[in-house]
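J.: quick one, fold the following:
(chains A and B)
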Amino acid sequence: GQNIDQPTEMTATEGAIVQINCTYQTSGFNGLFWYQQHAGEAPTFLSYNVLDGLEEKGRFSSFLSRSKGYSYLLLKELQMKDSASYLCAVRRSNAGKSTFGDGTTLTVKP
Amino acid sequence: EAQVTQNPRYLITVTGKKLTVTCSQNMNHEYMSWYRQDPGLGLRQIYYSMNVEVTDKGDVPEGYKVSRKEKRNFPLILESPSPNQTSLYFCASTLRDSRRNEQFFGPGTRLTVL
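T.: You can find the predicted model right below:
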(Lines give C-alpha, C1' and ligand atoms only; values in the text may rest on other atoms or scores of the structure.)
Protein backbone atom coordinates (compact mmCIF):
# COMPACT_ATOMS: atom_id res chain seq x y z
CA GLY A 1 0.00 0.00 0.00
CA GLN A 2 0.90 3.64 -0.18
CA ASN A 3 2.38 5.20 2.93
CA ILE A 4 2.83 8.88 3.70
CA ASP A 5 3.70 9.81 7.28
CA GLN A 6 3.64 13.23 8.88
CA PRO A 7 3.17 14.30 12.50
CA THR A 8 -0.44 14.69 13.56
CA GLU A 9 -0.04 17.93 15.49
CA MET A 10 2.55 20.62 16.10
CA THR A 11 2.55 23.79 18.15
CA ALA A 12 4.79 26.80 17.65
CA THR A 13 5.06 30.40 18.77
CA GLU A 14 4.29 33.44 16.68
CA GLY A 15 7.46 34.71 15.00
CA ALA A 16 9.27 31.39 15.32
CA ILE A 17 10.30 28.82 12.70
CA VAL A 18 8.69 25.40 12.38
CA GLN A 19 9.61 22.40 10.25
CA ILE A 20 6.98 19.83 9.27
CA ASN A 21 8.42 16.53 8.13
CA CYS A 22 6.97 14.05 5.68
CA THR A 23 8.23 10.61 4.77
CA TYR A 24 6.76 8.58 1.95
CA GLN A 25 6.82 5.12 0.44
CA THR A 26 4.72 5.00 -2.70
CA SER A 27 4.50 3.06 -5.92
CA GLY A 28 5.44 5.72 -8.38
CA PHE A 29 6.80 9.22 -7.84
CA ASN A 30 6.17 12.18 -10.06
CA GLY A 31 6.59 14.96 -7.53
CA LEU A 32 5.71 15.99 -3.97
CA PHE A 33 3.26 18.70 -2.96
CA TRP A 34 2.50 20.66 0.16
CA TYR A 35 -0.95 22.13 0.62
CA GLN A 36 -2.39 24.33 3.35
CA GLN A 37 -5.93 23.77 4.54
CA HIS A 38 -7.75 25.98 6.98
CA ALA A 39 -10.61 24.41 8.91
CA GLY A 40 -13.72 24.09 6.77
CA GLU A 41 -11.99 25.26 3.61
CA ALA A 42 -10.47 23.72 0.50
CA PRO A 43 -6.73 23.01 0.33
CA THR A 44 -4.54 25.63 -1.29
CA PHE A 45 -1.24 24.99 -3.05
CA LEU A 46 2.01 25.86 -1.28
CA SER A 47 4.80 24.07 -3.13
CA TYR A 48 5.80 21.35 -5.58
CA ASN A 49 9.15 19.58 -5.58
CA VAL A 50 10.15 17.16 -8.30
CA LEU A 51 13.94 17.35 -7.95
CA ASP A 52 16.07 17.04 -4.83
CA GLY A 53 16.83 20.20 -2.97
CA LEU A 54 15.29 23.25 -1.39
CA GLU A 55 12.65 25.46 -2.99
CA GLU A 56 12.13 28.79 -1.30
CA LYS A 57 9.12 31.01 -1.70
CA GLY A 58 8.77 33.88 0.72
CA ARG A 59 8.24 32.62 4.28
CA PHE A 60 7.73 29.06 3.05
CA SER A 61 10.39 26.60 1.87
CA SER A 62 10.12 22.96 0.90
CA PHE A 63 12.84 20.36 0.70
CA LEU A 64 12.93 17.01 -1.05
CA SER A 65 15.25 14.00 -0.90
CA ARG A 66 13.99 11.33 -3.28
CA SER A 67 16.59 8.77 -2.23
CA LYS A 68 15.43 9.04 1.39
CA GLY A 69 11.73 9.37 0.63
CA TYR A 70 11.71 12.51 2.72
CA SER A 71 10.44 16.06 2.51
CA TYR A 72 9.91 18.93 4.87
CA LEU A 73 8.03 22.20 4.84
CA LEU A 74 9.71 25.07 6.63
CA LEU A 75 7.63 28.02 7.79
CA LYS A 76 9.49 31.11 8.97
CA GLU A 77 8.29 34.16 10.90
CA LEU A 78 5.16 32.36 11.93
CA GLN A 79 1.92 34.33 12.00
CA MET A 80 -1.35 33.48 13.70
CA LYS A 81 -2.96 32.96 10.30
CA ASP A 82 -0.53 30.09 9.66
CA SER A 83 -2.58 27.98 12.08
CA ALA A 84 -3.93 25.35 9.70
CA SER A 85 -3.52 21.79 8.53
CA TYR A 86 -0.57 21.09 6.22
CA LEU A 87 -0.94 18.23 3.79
CA CYS A 88 1.94 16.37 2.18
CA ALA A 89 1.02 14.63 -1.08
CA VAL A 90 2.82 12.51 -3.64
CA ARG A 91 1.89 12.64 -7.29
CA ARG A 92 2.40 9.04 -8.27
CA SER A 93 1.92 9.23 -12.00
CA ASN A 94 2.06 11.72 -14.81
CA ALA A 95 -1.68 11.13 -15.25
CA GLY A 96 -2.39 12.65 -11.85
CA LYS A 97 -2.75 9.67 -9.52
CA SER A 98 -2.07 11.13 -6.07
CA THR A 99 -1.85 10.08 -2.44
CA PHE A 100 -2.08 12.47 0.49
CA GLY A 101 -0.81 12.14 4.02
CA ASP A 102 -3.24 12.62 6.90
CA GLY A 103 -2.06 16.16 7.48
CA THR A 104 -0.30 18.02 10.28
CA THR A 105 -2.38 20.43 12.33
CA LEU A 106 -0.22 23.40 13.22
CA THR A 107 -1.27 25.69 16.04
CA VAL A 108 0.51 29.04 16.31
CA LYS A 109 0.34 30.60 19.77
CA PRO A 110 0.99 34.23 20.68
CA GLU B 1 -12.94 34.44 -12.26
CA ALA B 2 -10.94 31.20 -12.62
CA GLN B 3 -12.55 28.62 -10.40
CA VAL B 4 -13.76 25.11 -9.71
CA THR B 5 -17.40 24.90 -8.71
CA GLN B 6 -19.23 22.04 -7.04
CA ASN B 7 -22.93 21.47 -6.53
CA PRO B 8 -24.56 20.93 -4.21
CA ARG B 9 -22.44 22.27 -1.35
CA TYR B 10 -24.46 20.37 1.23
CA LEU B 11 -26.58 17.27 0.79
CA ILE B 12 -28.41 14.98 3.18
CA THR B 13 -29.83 11.84 1.61
CA VAL B 14 -30.89 8.31 2.47
CA THR B 15 -29.26 4.97 1.81
CA GLY B 16 -29.74 3.70 -1.72
CA LYS B 17 -30.97 6.91 -3.35
CA LYS B 18 -28.80 7.64 -6.37
CA LEU B 19 -27.12 11.03 -6.40
CA THR B 20 -24.73 13.08 -8.51
CA VAL B 21 -22.34 15.75 -7.36
CA THR B 22 -21.35 18.05 -10.18
CA CYS B 23 -17.93 19.61 -10.69
CA SER B 24 -17.10 22.22 -13.28
CA GLN B 25 -13.94 24.23 -14.02
CA ASN B 26 -13.53 27.23 -16.31
CA MET B 27 -9.74 27.10 -16.68
CA ASN B 28 -9.55 24.64 -19.61
CA HIS B 29 -7.65 22.18 -17.41
CA GLU B 30 -7.06 18.68 -18.72
CA TYR B 31 -6.68 16.90 -15.39
CA MET B 32 -9.48 16.55 -12.86
CA SER B 33 -9.83 14.53 -9.66
CA TRP B 34 -12.30 13.67 -6.93
CA TYR B 35 -11.26 13.28 -3.31
CA ARG B 36 -13.00 12.51 -0.07
CA GLN B 37 -11.86 13.77 3.31
CA ASP B 38 -12.88 12.25 6.62
CA PRO B 39 -12.22 13.67 10.11
CA GLY B 40 -8.56 13.53 11.03
CA LEU B 41 -7.59 12.20 7.65
CA GLY B 42 -6.06 13.73 4.60
CA LEU B 43 -7.56 13.59 1.15
CA ARG B 44 -8.11 10.22 -0.46
CA GLN B 45 -8.37 10.15 -4.22
CA ILE B 46 -11.48 8.46 -5.60
CA TYR B 47 -11.08 8.89 -9.36
CA TYR B 48 -9.01 11.02 -11.67
CA SER B 49 -9.17 11.97 -15.32
CA MET B 50 -6.44 12.97 -17.75
CA ASN B 51 -8.82 14.31 -20.37
CA VAL B 52 -12.19 13.77 -22.02
CA GLU B 53 -13.23 10.11 -21.93
CA VAL B 54 -10.08 9.12 -19.98
CA THR B 55 -10.67 8.22 -16.34
CA ASP B 56 -8.97 5.94 -13.85
CA LYS B 57 -9.37 4.71 -10.30
CA GLY B 58 -7.69 6.38 -7.37
CA ASP B 59 -7.11 4.77 -4.00
CA VAL B 60 -10.77 4.49 -2.89
CA PRO B 61 -13.02 4.04 -5.97
CA GLU B 62 -15.48 1.49 -4.57
CA GLY B 63 -19.07 2.70 -4.60
CA TYR B 64 -18.40 5.63 -6.95
CA LYS B 65 -18.59 6.29 -10.68
CA VAL B 66 -17.42 9.24 -12.75
CA SER B 67 -17.72 10.42 -16.31
CA ARG B 68 -15.81 12.93 -18.41
CA LYS B 69 -17.86 13.73 -21.48
CA GLU B 70 -16.75 17.34 -21.62
CA LYS B 71 -13.46 18.89 -20.63
CA ARG B 72 -14.96 21.28 -18.10
CA ASN B 73 -17.21 18.81 -16.23
CA PHE B 74 -16.40 15.82 -14.06
CA PRO B 75 -19.47 14.59 -12.14
CA LEU B 76 -19.24 12.11 -9.27
CA ILE B 77 -22.03 9.54 -9.15
CA LEU B 78 -23.08 7.47 -6.19
CA GLU B 79 -25.43 4.81 -7.57
CA SER B 80 -26.47 3.44 -4.18
CA PRO B 81 -25.08 5.62 -1.38
CA SER B 82 -24.35 4.05 1.99
CA PRO B 83 -23.64 5.67 5.38
CA ASN B 84 -19.89 4.99 5.05
CA GLN B 85 -19.88 7.44 2.14
CA THR B 86 -20.78 10.26 4.48
CA SER B 87 -17.84 12.58 3.95
CA LEU B 88 -16.54 15.90 2.64
CA TYR B 89 -15.87 15.68 -1.09
CA PHE B 90 -13.50 17.87 -3.09
CA CYS B 91 -13.10 18.18 -6.82
CA ALA B 92 -9.82 19.50 -8.22
CA SER B 93 -8.34 20.38 -11.59
CA THR B 94 -4.82 20.81 -12.95
CA LEU B 95 -3.38 22.27 -16.11
CA ARG B 96 -1.45 19.51 -17.91
CA ASP B 97 1.46 21.67 -19.03
CA SER B 98 1.85 23.47 -15.74
CA ARG B 99 5.36 23.42 -14.29
CA ARG B 100 3.94 23.40 -10.79
CA ASN B 101 1.21 20.78 -11.41
CA GLU B 102 -0.88 22.77 -8.96
CA GLN B 103 -4.31 21.38 -8.18
CA PHE B 104 -7.10 23.94 -7.87
CA PHE B 105 -9.77 22.71 -5.50
CA GLY B 106 -13.48 23.35 -5.46
CA PRO B 107 -15.14 24.53 -2.24
CA GLY B 108 -16.23 21.04 -1.19
CA THR B 109 -19.51 19.15 -0.88
CA ARG B 110 -20.55 17.90 2.52
CA LEU B 111 -22.57 14.70 2.07
CA THR B 112 -24.52 12.91 4.78
CA VAL B 113 -26.06 9.52 4.02
CA LEU B 114 -28.63 8.38 6.57
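J.: looking at it, residue A:33 is touching residue A:92, isn't it?
T.: No. With contact defined as Cβ atoms under 8 Å, residue A:33 does not count as touching residue A:92 (11.4 Å). (C-beta placed from N, C-alpha, C; glycine too.)
J.: tell me where the chain has strands.
T.: All of this refers to chain A. Here chain A has its strands, by DSSP state E, at A:3-5, A:9-13, A:18-25, A:32-37, A:44-49, A:53-57, A:60-65, A:70-75, A:84-91, A:98-100, A:104-109.
J.: please go with chain B instead
T.: Taking DSSP E, the strands of chain B run over residues B:4-7, B:10-13, B:19-25, B:31-37, B:43-51, B:54-57, B:65-66, B:76-78, B:87-94, B:104-105, B:109-113.
J.: redo these as a markdown table? Include mean neighbour count and distance to residue A:100.
T.: Output for the strands of chain B, formatted as a markdown table (neighbours: other Cβ atoms under 10 Å in any protein chain shown; distance: least, Cβ to Cβ, whole Å):
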| stretch | mean neighbour count | distance to residue A:100 |
| --- | --- | --- |
| strand B:4-7 | 18 | 17 |
| strand B:10-13 | 13 | 23 |
| strand B:19-25 | 19 | 18 |
| strand B:31-37 | 25 | 8 |
| strand B:43-51 | 22 | 4 |
| strand B:54-57 | 15 | 16 |
| strand B:65-66 | 18 | 19 |
| strand B:76-78 | 18 | 17 |
| strand B:87-94 | 24 | 11 |
| strand B:104-105 | 22 | 12 |
| strand B:109-113 | 18 | 18 |
